[in-house]
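K.L.:
sequence unknown, structure follows:
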């Protein structure tokens with residue numbers, strides 16, 4: 001797998017929606033302009049206008065608002081994690097697997113971390129052993145983050161690397177009330193505390209193992225032995 005840029009998945013989704021928007025908008029505009037000459041065509045423009053509102057309006061099925069919020073969160077995470085590059089850590093951004101993407105996998109001396117950035121409103125809180133945000137149980141989200149971590153662990157296992165992979169939800173906007181805390185095998189913390197959290201873990205991997213682990217994570221079909229690659 002070719003290394004990807006931070007938030008590349010979201011950039012691609014936004015671009016696809018922009019192309020789709022233009023594909024619907026331009027014909028609608030053409031029909032509307034033609035209606036100035038032939039009044040009956042105005043009737044054709046009305047359903048197209050409704051379709052635009054239904055798909056791309058506030059809360060619509062293709063409303064890009066959530067994508068742009070997610071993009072902002074992942075770019076914040078990129079800036080926050082930048083100092084790790086000079087400390088022996090390697091970062092794998094936007095790792096694709098099974099129709100999903102992992103925002104970033106951090107691999108370094110203190111271990112391996114599969115991190116999901118959340119640029120959500122509200123507050124994250126722990127209530128009766130459940131992660132809540134804006135009164136909604138986030139159990140499903142936690143299960144997906146755990147599945148992300150297991151995917152990374154499986155890729156390393158194929159390369160003969162045995163290492164615990166910590167699943168992390170890093171909130172770039174919503175406060176983590178009473179956090180950081182661990183729930184359903186996931187660590188939930190404010191993104192501003194992420195650097196100290198990663199640095200504060202015990203030493204687990206040598207420099208050689210870090211490079212091998214990154215190669216294994218990038219190569220989803222890694223063989224039992226993965227040769228070292230030069231960090232980029």
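P.N.:
Thanks, I have the structure now. Quantities reported herein were computed from a predicted structural model and do not represent experimental measurements.
K.L.:
which residue is nearest the middle of the chain?
P.N.:
residue 103 (3.3 Å; C-alpha atoms, centre = their mean).
K.L.:
assign it to helix, strand or coil.
P.N.:
For residue 103, the reduced secondary structure class is strand; criterion used: DSSP: H, G, I helix; E, B strand; the rest coil.
K.L.:
and the closest residue to it other than its chain neighbours, which of the three is it?
P.N.:
Nearest-residue entry for residue 103: residue 117, 4.8 Å, with adjacent residues in sequence omitted and distances by C-beta to C-beta, 6 or more residues apart in numbering. No exception for glycine: its C-beta is placed from N, CA and C like everyone else's. When the structure is split into helix, strand and coil by three-state DSSP, residue 117 lands in strand.
K.L.:
repeat for residue 15
P.N.:
Here residue 15 takes the helix state, with states given by three-state DSSP.
K.L.:
so where do the strands sit in this structure?
P.N.:
Counting by DSSP state E, the chain has strands at residues 90-97, 100-108, 111-118, 124-127, 130-133, 136-137, 165-171, 181-183, 186-190.
K.L.:
the residue nearest to residue 103: what's it in contact with?
P.N.:
The neighbourhood of residue 117, defined by C-beta atoms under 8 Å, 6 or more residues apart in numbering, consists of 70, 73, 74, 76, 77, 103, 104, 170, 172, 191.
K.L.:
now those in CSV, with distance to residue 158?
P.N.:
Conversion of those to CSV gives the following (distance: C-beta to C-beta, whole Å):
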residue, distance to residue 158
70, 30
73, 31
74, 27
76, 32
77, 27
103, 22
104, 21
170, 27
172, 32
191, 30
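K.L.:
is it possible to get CSV of those that adds pLDDT?
P.N.:
Listed next are those as CSV, based on pLDDT from 0 to 100:
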residue, pLDDT
70, 77
73, 89
74, 91
76, 94
77, 95
103, 95
104, 97
170, 97
172, 96
191, 97
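K.L.:
alright, I will stop here.
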